[in-house]
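K.L.:
any chance you can model this:
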Amino acid sequence: MSSRYVSLLVLTALVACSGEGETTTSGFTATSPMTTSTSGFTTTSTTATDTDASTSAAATSTSGTSETSGGTVASTGGVSDSDTDAGAVCGDGVVEGLEACDDGNADNTDDCLDDCTLPTCGDGYVQAGVEACDDGNADNSDGCLATCEVAACGDGYVQAGVEECDDGNNDDADGCLSTCTMAVCGDGVLWEGVEACDDGNDVDDDACSNTCSVASCGDGVVQASEGEECDDGNDVDTDACLSTCKMAQCGDGVVWADMEECDDGGNNNDNTGPCRTDCTLCDCQGDDVMGKTCADVGEFTCGTLKCNGCGFDTAACSNPPKPTYNGPAAPDFSADGCWLPCAGYLDNQGGDDIPTAWGSNCTNQAFSRLRVVCGASNSSYRYITVEKNVFKDGLSGYPEVNLISESKDQNGNGWAVIGNQIYAENNQPNTGRSWWGGGNGCGEANRNLTVNNVCTYEASNCFGQNIAGSRYLWVYVAP
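P.N.:
Below is the predicted model of the structure:
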């Protein structure tokens, strides 16, 4: 029994002896069971009775008066909780009064603190074997978590000044690595949904660029290891770098702007064209001389320039002496060969506008063909082409046939002569009467020409054009 309990019993007895009322000769009987708890001190008093007297006194508890089956006991003064705990000594090894514990030592790392309270996480003391740390606060961003665990990468809390991030997992494919550093391009770890690749180096011309994009043609970086020769970051095929990331060159089938005239790839051909193997255009494009004439390609003054594969055929080009011509303005046949006017007359009704000896300037040995033209003007006419210079060589018969190779009008449209025949007195057209395209006589509807006949006009019929009036007659020669 503690000394505090003994003192209370003595005090109760003294109060009972000094109380008002009568006492019996039989004495004072007290029954005082007592209960002690950590929250205070509580007494339970039975009724003290006088076997002979009618009055009795009662002892009260700390809460006032208490009733018993035998009456009421009054105390001279209550005993408070502070009074009951006043004797408890923290550290004496005995749990008393309001103490939660008392292990008799000042060690704050065991299961009882030196103020006789139970240790808890957050009290600032590291409980050995239970807590890894205890910094007395709930801050999870320092070295000790609010759970009294040492902060570590992967605990889900960012430790200030130590970690860049902490998402509480070991997944390196998200924005926070398992090392608690932020995912960045170049860390060698693929950040899903953000990076297409990450090879962990700063080499920009390998399969993964420095922007963590998969190397591809058109990204502006030359990946030599991937077979790229160039990469200008665009899909323009006409510059120095094709959209296939190959260097532009003659023969690739793409015309390099300002550098090549043409490029037919494998079809480039120096003999047939239309594009040479050096990617320059052939002079001829098929049968098109591209506007060139004999005079553009050699020492020629007339003729017909033709194509021969990639180049020109100048066989029909010539440089003959120019005939003397004093006649009226004649049609221009220069684009149709080397046709040069050698005779020209305006034939009016009556008179002698076309002399008997005509076309004397058409007999030069350099000319082997004739073209005879008749019409109302130099923009409205018909003509025949004769594949023999009959002014120079005469006719071999009366008539000579099949000398006329073509019959056309000013627009190049064909028309049919009466017959492919040429007649002349003495077989010499320029010294007498002659009939061109058939032997019909006078008749403006006849599709032939008769010269110096007995008709109204010296150039009669005019190839059937029904010209009611003056008409022109021209003669041309060609080599």
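K.L.:
a helix runs through Ile422, doesn't it?
P.N.:
No. According to DSSP: H, G, I helix; E, B strand; the rest coil, Ile422 belongs to no helix; its state is strand.
K.L.:
list the contacts for it?
P.N.:
Residues near Ile422 by Cβ atoms under 8 Å, 6 or more residues apart in numbering: 386, 390, 395, 399-401, 403-404, 429, 434-437. (Glycine included, C-beta is placed from N, CA and C.)
K.L.:
so which of those belong to strands?
P.N.:
Val386, Glu400, Val401, Ile404, Ser434, Trp435, Trp436 (DSSP state E).
K.L.:
can I get those in TSV with distance to Gln421 and neighbour count?
P.N.:
TSV is the format used below for the ones in strands among the contacts of Ile422 (distance: Cβ to Cβ, whole Å; neighbours: other Cβ atoms under 10 Å):
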residue	distance to Gln421	neighbour count
Val386	11	22
Glu400	7	18
Val401	5	12
Ile404	8	20
Ser434	11	25
Trp435	8	26
Trp436	9	27
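K.L.:
how about the CA coordinates for stretch 131-139, as CSV?
P.N.:
Taking C-alpha atoms only, stretch 131-139 is exported to CSV below (Å, rounded to 0.1, in the frame of the first residue of the first chain):
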residue,chain,number,x,y,z
GLU,A,131,10.9,4.4,-36.6
ALA,A,132,13.6,5.1,-39.2
CYS,A,133,13.4,8.8,-38.4
ASP,A,134,11.3,11.4,-36.6
ASP,A,135,11.8,15.1,-37.3
GLY,A,136,8.7,16.2,-35.4
ASN,A,137,6.8,17.6,-38.5
ALA,A,138,4.4,16.4,-41.2
ASP,A,139,6.5,17.8,-44.1
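K.L.:
hang on, the earlier thing: which pair of the ones in strands among the contacts of Ile422 spans the longest distance?
P.N.:
Val401 and Ser434 (14.7 Å; Cβ to Cβ).
K.L.:
now do stretch 333-344, average pLDDT.
P.N.:
Mean pLDDT, stretch 333-344: 87.
K.L.:
give me the buried positions along it.
P.N.:
Phe333, Ser334, Gly337, Cys338, Trp339, Leu340, Pro341, Cys342, Ala343, Gly344 (16 or more other Cβ atoms under 10 Å).
K.L.:
also stretch 160-169?
P.N.:
Glu163, Asp166.
K.L.:
just the terminal-to-terminal distance for it.
P.N.:
18 Å (Cα to Cα, to the nearest Å).
K.L.:
run the chain-centre distance for stretch 401-412.
P.N.:
63 Å (Cα atoms, centre = their mean, to the nearest Å).
K.L.:
okay, it in PDB with CA atoms only?
P.N.:
Provided in PDB are the C-alpha atoms of stretch 401-412 (Å, rounded to 0.1, in the frame of the first residue of the first chain):
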ATOM      1  CA  VAL A 401       3.800  13.500-167.400                       C
ATOM      2  CA  ASN A 402       4.200  13.000-163.700                       C
ATOM      3  CA  LEU A 403       6.400  16.000-163.100                       C
ATOM      4  CA  ILE A 404       3.800  17.700-160.800                       C
ATOM      5  CA  SER A 405       4.400  16.700-157.200                       C
ATOM      6  CA  GLU A 406       1.900  18.800-155.500                       C
ATOM      7  CA  SER A 407      -1.000  21.300-156.100                       C
ATOM      8  CA  LYS A 408      -2.100  23.600-153.200                       C
ATOM      9  CA  ASP A 409      -3.600  27.000-152.500                       C
ATOM     10  CA  GLN A 410      -2.400  29.900-150.300                       C
ATOM     11  CA  ASN A 411      -3.500  28.000-147.200                       C
ATOM     12  CA  GLY A 412      -1.700  24.800-148.000                       C
END
